[in-house]
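J.: predicted model and sequence below, questions to follow.
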Amino acid sequence: MPPKKKVNTKKPWSDLHQKKLIWLYNWYTNNYDSQANIETFIDKNKRKLMSLILNNKDWSIASKEALLFMIARYLYNIKNNDRYVKLYAQSAYDLLQEKNKLEGLNELDQKEIENHKPIEFLNNCLEVHKEKEKENIIEHFKHLLLMMLIKQPPLRTSFYSSAKFLQLLTENNKKDNYVYINKKGKLKVYYIVNKDKSSNYQLYNINKELSKIQLDNQELVNFINYSFDTYPREYLFEKNGKKLSDATLLKYLRDITKTQLINFDMIRSAYITYFYEHNKTFNKREELSKQMRHSQHTASKNYLKVSNTDATQPEEEIVNLNKTIIQLKNNIDNCQNKLGVFQSQPESEKAYNKKKKDIIYLLNKGKTSKPETIKKYNILYDDKTNTYY
């Protein structure tokens, strides 16, 4: 009898793998081959993809590592005897080792130095944004998001983009993530995390009670309840009945903080760094790790950051300077919008205002306008009245 052929047992391919694949495909088609096929571009370009990824100066070590591991898994699943499976896996492993060494130093890398903001700065962003929050639902969402990230131990991005509102515990299907508002007696709000990266970790898989997290900050509790009453909806963050993507929430975060490359991991890092400065005991830090749904080891190694420079200014002065910075950035944004209009079509302030009124009038009559024109004239949309202003 001829020997039996070896069966190619595929390895699991998760949503995270698919997201990495789409991310790499979009980058590759935008920069190298607009006609590439998402089903075949990895196999066809496996000889050069590794060097393209490793030489990309805009990507972190962690991002490169994740992409290389994804490619190794992809190639294994389509042809498990491909020698490039081992090459990509080894390269990814080498980056993992390098990343672990750097994380052990707990120092900010160059990207973090430029974009990592302390909790005090983020609190100032909220303070400056208070009045703007009332303008429309998008500004409201920005305010709500930042509050949830700094007034309560922050979870991973996927929770905020997937969570639904829940008013009856009996409607918890054990699959979706929820923000549960309990109005019986004193107002309480809980996060219910049924699905996230930690769901299959032994600690969280065995101790199901850890999936229910009560919010301690009453200001945040009240604001979430106000948000739901003001804008009744199914999802925590949604538009036209559909949940907002991780990318949209990231844009909101960068808009409200006026920080171009800040991300959710940086916020988690800032929160942990601030918390550890004010809470020295193991028990307090262990409680925080459960609320953030990771381990204390992960928090200490991956998120806790130390600065290479010492503060030279009193804390109160730093707070005031941060407020000034945020206000100046807001002013710069407004001035740049107006400047763009004058540079492309010089006109007086009176003409500028008239042009803006004309565009608003046409928009409210059902006409359309280019996104760049709407941005240049700082035109906003009110979801309550369904009008532009």
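T.: Received it, and whenever you're ready, just let me know what you need. Residues are numbered from 1 along each chain as shown.
J.: where do the helices of the stretch 51-200 of the chain begin and end?
T.: Under the criterion DSSP state H, counting those that start in this stretch, the stretch 51-200 of the chain contains helices at 61-78, 83-104, 110-115, 119-129, 137-150, 157-162.
J.: now the angle between helix 137-150 and the fourth one, please.
T.: Helix 119-129 and helix 137-150 meet at an angle of 160 degrees, taking axes from the mean of the first three to the mean of the last three C-alpha atoms, to 10 degrees as the criterion.
J.: please apply the same query to the second one.
T.: Our comparison of helix 83-104 with helix 137-150, counting by the same axes, to 10 degrees, yields an angle of 70 degrees.
J.: contact partners of helix 83-104?
T.: 46-47, 50, 54, 61-62, 64-66, 68-69, 71-72, 75-76, 109, 301-302 (C-beta atoms under 8 Å, 6 or more residues apart in numbering). The C-beta positions use only the backbone N, C-alpha and C, and glycine is treated the same way.
J.: buried subset of those?
T.: Neighbour-count burial (16 or more other C-beta atoms under 10 Å) is assigned, among these, to 46, 50, 61, 64-66, 68-69, 71-72, 75-76, 302.
J.: pLDDT added to the residues you listed, as a markdown table?
T.: Below are the buried ones among the contacts of helix 83-104 laid out as a markdown table (pLDDT from 0 to 100):
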| residue | pLDDT |
| --- | --- |
| K46 | 91 |
| M50 | 93 |
| I61 | 82 |
| K64 | 91 |
| E65 | 91 |
| A66 | 90 |
| L68 | 93 |
| F69 | 92 |
| I71 | 93 |
| A72 | 92 |
| L75 | 92 |
| Y76 | 90 |
| N302 | 47 |
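J.: in TSV: these, plus distance to G185.
T.: Putting those into TSV (distance: C-beta to C-beta, whole Å) gives the following:
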residue	distance to G185
K46	61
M50	59
I61	49
K64	51
E65	48
A66	45
L68	53
F69	49
I71	54
A72	54
L75	57
Y76	55
N302	39
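J.: quick one: which of the residues you listed is nearest K208?
T.: N302 (25.3 Å; C-beta to C-beta).
J.: so what's I78 up against?
T.: D43.
J.: all further residue positions should be reported with the first residue as 725.
T.: Yes, from this point I'll number from 725; that puts the last item at I802.
J.: now the strands for the protein?
T.: Using DSSP state E, the strands assigned to the chain run over residues 888-890, 902-906, 912-916, 936-938, 962-963, 966-967, 1105-1106, 1111-1112.
J.: where among those is the average confidence lowest?
T.: The minimum mean pLDDT among those belongs to strand 1105-1106 (a mean of 77).
J.: which positions within stretch 1090-1109 qualify as buried?
T.: For stretch 1090-1109, by 16+ other C-beta under 10 Å, it's T1097, I1098, K1100, Y1101, I1103.
J.: wait, I916 touches L934, no?
T.: No: using C-beta atoms under 8 Å, I916 is not in contact with L934, being 10.8 Å away.
J.: for the two, indicate the residue with more neighbours.
T.: I916 (19 against 16; other C-beta atoms under 10 Å).
J.: dump the residue contacts of the more buried one.
T.: Here I916 is in contact with L890, N896, N901, Y902, V903, Y904, S935, K936, I937 (C-beta under 8 Å, 6+ apart).
J.: for it, which non-adjacent residue is closest in space?
T.: In this structure, I916 finds its nearest non-sequential neighbour in Y902, 4.2 Å apart by C-beta to C-beta, 6 or more residues apart in numbering.
J.: which residues sit in contact with the one you found?
T.: So Y902 contacts A887, K888, F889, L890, N896, Y915, I916, N918 (C-beta under 8 Å, 6+ apart).
J.: that one pairs with what?
T.: K888, I916 (DSSP bridges).
J.: that one and E962: what is the separation?
T.: According to C-beta to C-beta, to the nearest Å, Y902 and E962 sit 14 Å apart.
J.: could you chop the protein up by domain?
T.: 739-828, 834-1027, 1039-1112 (automatic domain parsing).
J.: what does stretch 760-776 contact?
T.: With C-beta under 8 Å, 6+ apart, stretch 760-776 has contacts from 745-746, 748-749, 752-753, 756-757, 792, 795, 798-799, 802-803, 806, 808, 811-812, 815.
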